[in-house]
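Novice: Quick one, fold the following:
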Amino acid sequence: MRITDTSDQWWKSAVIYCLDIETFYDSDGDGIGDLQGLAQRLDYISELGVTCIWLMPFYPSPQKDDGYDVADFYGVDPRVGTAGDLVEVIRTAHDRGLRVITDLLVNHTSDQHPWFTQSRRSTDNPRRDWYVWRSDAPPDTKAQVVFPDKEDSIWAKDDRTGEWYLHHFYSHQPDLNVANPEVRDEIARIAGYWLELGLDGFRVDAVPFFVEDVETAREKSSGSGRNDDVTESLSPHQHLKDLRAFINRRNGSAVMLGEVNLPHTQQREYFGGEAGDELHMMFDFIGMQNMYLSLAREDARPLAKALLDRPPVHKTCQWATFVRNHDELTLDKLTDTQRQEVFDALGPDPEMQIYDRGLKRRLPPMLGGDPRRVRMAYSLLFSLPGTPTLFYGEEIGMGEDLAGEGRLAVRTPMQWSSDTNGGFSTAPPRRLVRRVTPGGFGPDHVNVVSQRTDPDSLWSFMRHLVQTYRSCPELGWGEFTVLDQPNPRVLAHECSTGEAAVVAVHNFGAEPQTVTLDLSHWVEEEDIELADLLSGADVSTEGGSLEVVLDGYGYRWLRVHPAGDLRIP
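Specialist: Numbers count the residues shown, from 1 in each chain. Predicted coordinates:
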């Protein structure tokens, strides 16, 4: 491949950094992070080396679900600033070479959104079929709720009309009826509006739910005599195809990154199958969950199998890899026994677990603060085939606040320094939007100021990983292979474009390991050179055989390339 090819599909070799504006940096001392504060920290993000910022929701909201309950899709919550502030952030980010995406929430709204307040006024209101209603009592749907500690059904009765509305999440978040062409047109307008203001794409929330709602809406409207035209022939995936086509007509380089936590065979459908015309990118939830199973067992095989089981995707599509995100660390695709193994190893206390399916923890506390394991996990993240995604604070090793409710445990204020409130805000601690992480992973021990100039810090290590990943297009574009070797504690894999490759080797165990890799498929045709990408040490093979020595929880990255390759080793 030509290195210039990578600029055409930037998302295939990007590094994404997710942040919540309200917990990132407070510029005016009111206890809530804001857009002007984010603008002051863009140079920090750029210095880390990431290439794309993902903003969690900043829309006006009642804040019953941390902003995911949207009351106005065309606005900016006045708590964090104005539309003008947002445009300045986008413009300044672009000047620093950073793209900016944000959450596109097309599954549901707040029950305080004007659309829903109109919809619930009467059964013949023009907005009625912007949501999914039923007149008959629903069956038992406890098994389908997303938050089993808060809800016992995906249907809620509205006393005003005596009918039930659909909500896969909280009852204060009614699901939109995307089978309705008016709703689909409005979603396109929303996307078009933010693209016009300079955004570079969207992280699309809860994708399977709104695709599923197409069928639910068709089922509930069939034969009702009420606005049957909204259930026109629409493939559940056609909306995604139409939305991608619209977004790329408005901005040819804009991206749709989907949250799709489904088995691999179904995930391929959301990429658009052979056509690759739906989501550009999708989070690899199955790979993430099996990575934690491998960490718990100190056995690389669960992760290796999950990676090999990934279905082939279109060349314009990409997997997004991650260690942690802004939600609970879901383990729902593991078996009950496997999930319990992870719980026992990484979150044994009930207060660390959530919804009987996941953990409300960040990585460093889960690994007991062992810097060897933490660095191995992030080395693994950046060496896997795909686009790595970081959650703010991962670069310095932030922990969680287990006293925080639900998913808020990992959404604590960014830790800039050891000053009051971790340098996040000058407001009294009682006025903070959320309390600062307590304990040994709090700002007294973990912060940007103490790490940024320390060459041995986690921050410096992460910056080195980001830069090394960015110099290896094979990781985003190459073909993935697990290399044969007999040690179950070691994952050795190769990402190859045919002309060159990156070989990464990771030891999931505490004891040192030595493995021998067969690279004869490279030396048979022409002279090759090997470079150790992380340490710069000399590497050589003998007859195509390479012996790799790994410390406990050790890792190595090697580039295999023809002699005379023009890139700097």
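Novice: Centre of the chain to stretch 397-410, how far?
Specialist: Relative to its chain's centre, stretch 397-410 lies at 17 Å (Cα atoms, centre = their mean, to the nearest Å).
Novice: likewise stretch 52-62?
Specialist: Its chain's C-alpha centre and that of stretch 52-62 lie 14 Å apart, by Cα atoms, centre = their mean.
Novice: Residues touching stretch 37-47, excluding its own?
Specialist: Residues outside stretch 37-47 that contact it (Cβ atoms under 8 Å, 6 or more residues apart in numbering) are 17, 19, 21, 24-28, 53, 85, 88-89, 92-93, 96-98, 448, 463. All C-beta atoms are positioned from the backbone trio N, CA, C, and that covers glycine.
Novice: Please spell out the ChimeraX selection for the buried subset of these.
Specialist: Selection of buried members from the contacts of stretch 37-47 for ChimeraX, criterion 16 or more other Cβ atoms under 10 Å:
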select :17,19,21,24,25,26,27,53,85,88,89,92,93,98,448,463
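Novice: Where does the prediction get shaky in the stretch 151-300 of the chain?
Specialist: Across the stretch 151-300 of the chain, the ranges flagged by pLDDT under 70 are 213, 215, 217-233.
Novice: can you give me the strands in it?
Specialist: All strands of the stretch 151-300 of the chain, identified by DSSP state E, counting those that start in this stretch, fall at 155-158, 163-166, 201-204, 255-258, 281-283.
Novice: Could you export the third one as PDB, CA atoms only?
Specialist: If I follow you right, that is strand 201-204. In PDB, the C-alpha atoms belonging to strand 201-204 read as follows (Å, rounded to 0.1, in the frame of the first residue of the first chain):
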ATOM      1  CA  GLY A 201     -18.800  12.700  12.100                       C
ATOM      2  CA  PHE A 202     -20.700  11.000  14.800                       C
ATOM      3  CA  ARG A 203     -20.600   8.200  17.300                       C
ATOM      4  CA  VAL A 204     -24.000   6.700  16.800                       C
END
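Novice: hmm, who's touching that strand?
Specialist: For strand 201-204, using Cβ under 8 Å, 6+ apart, the contacting residues are 11, 18, 54, 99, 101-104, 106, 191, 194, 247, 251, 254-259, 279-280.
Novice: just checking, L257 touches T321?
Specialist: No - the pair formed by L257 and T321 falls short of the contact definition of Cβ atoms under 8 Å, at 12.0 Å.
Novice: Neighbour count: those two, which is higher?
Specialist: Neighbours per residue, other Cβ atoms under 10 Å: of L257 and T321, the larger number sits with L257, 27 against 23.
Novice: partners of the more buried one in the sheet?
Specialist: The partner list for L257 in beta bridges (DSSP bridges) reads R203, M281.
Novice: quick one: it and N325, what's the gap?
Specialist: Remark: distance between L257 and N325 (Cβ to Cβ, to the nearest Å) = 12 Å.
Novice: do L293 as well
Specialist: 17 Å.
Novice: quick one on the thing from earlier: can you list which of the contacts of stretch 37-47 are found in strands?
Specialist: Counted as lying in strands by DSSP state E, out of these, are 17, 19, 53.
Novice: Can you name the residues that contact the last one?
Specialist: For I53, the contacting residues are 16-19, 45, 93, 98-101, by Cβ under 8 Å, 6+ apart.
Novice: try the second one
Specialist: If a contact means Cβ under 8 Å, 6+ apart, then L19 has 38, 53-56, 392, 414 as its contacts.
Novice: What of W522?
Specialist: When contacts are counted by Cβ under 8 Å, 6+ apart, W522 touches 501, 528, 544, 560.
Novice: Look at it and give its secondary structure.
Specialist: helix (DSSP: H, G, I helix; E, B strand; the rest coil).
Novice: separation between it and L546?
Specialist: Distance of W522 to L546, computed by Cβ to Cβ: 10 Å.
Novice: Over to Q238?
Specialist: Applying Cβ to Cβ, the value for Q238 to L546 is 49 Å.
Novice: quick one, which of these two is more surrounded?
Specialist: The residue with more neighbours, out of Q238 and L546, is L546; 23 against 14, by other Cβ under 10 Å.
Novice: and that one, that one's in a strand?
Specialist: Yes - with three-state DSSP as the criterion, L546 is assigned to a strand.
Novice: was I right about it contacting T516?
Specialist: Yes - counting by Cβ under 8 Å, T516 is a contact partner of L546 at 7.0 Å.
Novice: Tell me the bridge partners for the residue nearest to N507 when sequence neighbours are not counted.
Specialist: In space, and not counting its chain neighbours, N507 is closest to L550: 4.2 Å by Cβ to Cβ, 6 or more residues apart in numbering. With DSSP bridges as the criterion, L550 is bridged to Q513.
Novice: follow-up on the earlier one: which among the contacts of I53 gets closest to M352?
Specialist: In terms of Cβ to Cβ, no member of the contacts of I53 lies closer to M352 than C18, at 21.8 Å.
Novice: Surely the closest one is in contact with E395?
Specialist: No - using Cβ under 8 Å, C18 makes no contact with E395, being 11.8 Å away.
Novice: Looking at the two now, which is surrounded by more residues?
Specialist: The neighbour comparison of C18 against E395 (other Cβ under 10 Å) goes to E395, with 27 against 22.
Novice: Kindly provide the distance from that one to D34.
Specialist: Distance, E395 to D34, by Cβ to Cβ: 21 Å.
Novice: ok now do the residue nearest to T321 when sequence neighbours are not counted, which residues does it touch?
Specialist: The shortest distance from T321 to any non-neighbouring residue, by Cβ to Cβ, 6+ apart, is to G386 (4.2 Å). Residues near G386 by Cβ under 8 Å, 6+ apart: 284, 318-321, 475-476.
Novice: Helices - which of the residues you listed land there?
Specialist: Mapping the contacts of G386 onto helices (DSSP state H) picks out 475-476.
Novice: nearest to T117, of the contacts of G386?
Specialist: Closest approach to T117 among the contacts of G386 (Cβ to Cβ): A320, at 35.7 Å.
Novice: and that closest one, what are its bridge partners?
Specialist: Residues in beta-bridge contact with A320 (DSSP bridges): F283, T387.
Novice: if I look at it, how far off is N251?
Specialist: 19 Å.
Novice: now swap in S122 and tell me
Specialist: Distance, S122 to N251, by Cβ to Cβ: 39 Å.
Novice: Name the residue in those two with the higher neighbour count.
Specialist: Neighbour count, other Cβ under 10 Å: between S122 and N251, N251 has more, with 16 against 12.
Novice: Once you drop chain neighbours, what's closest to that one?
Specialist: Spatial nearest neighbour of N251, excluding adjacent residues (Cβ to Cβ, 6+ apart): L195 at 5.0 Å.
Novice: Could you check how far the one you found is from D28?
Specialist: Following Cβ to Cβ, the distance that separates L195 from D28 is 29 Å.
Novice: Without its sequence neighbours, what residue ends up closest to L558?
Specialist: That would be V503: by Cβ to Cβ, 6+ apart, it lies 4.5 Å from L558.
Novice: Helices along the stretch 51-200 of the chain, start to end?
Specialist: Listed in chain order, the helices found in the stretch 51-200 of the chain under DSSP state H, counting those that start in this stretch are 83-95, 114-119, 181-196.
Novice: Would you mark the buried spots in the shortest one?
Specialist: Using 16+ other Cβ under 10 Å as the burial criterion, the residues of helix 114-119 that qualify are 115-116, 119.
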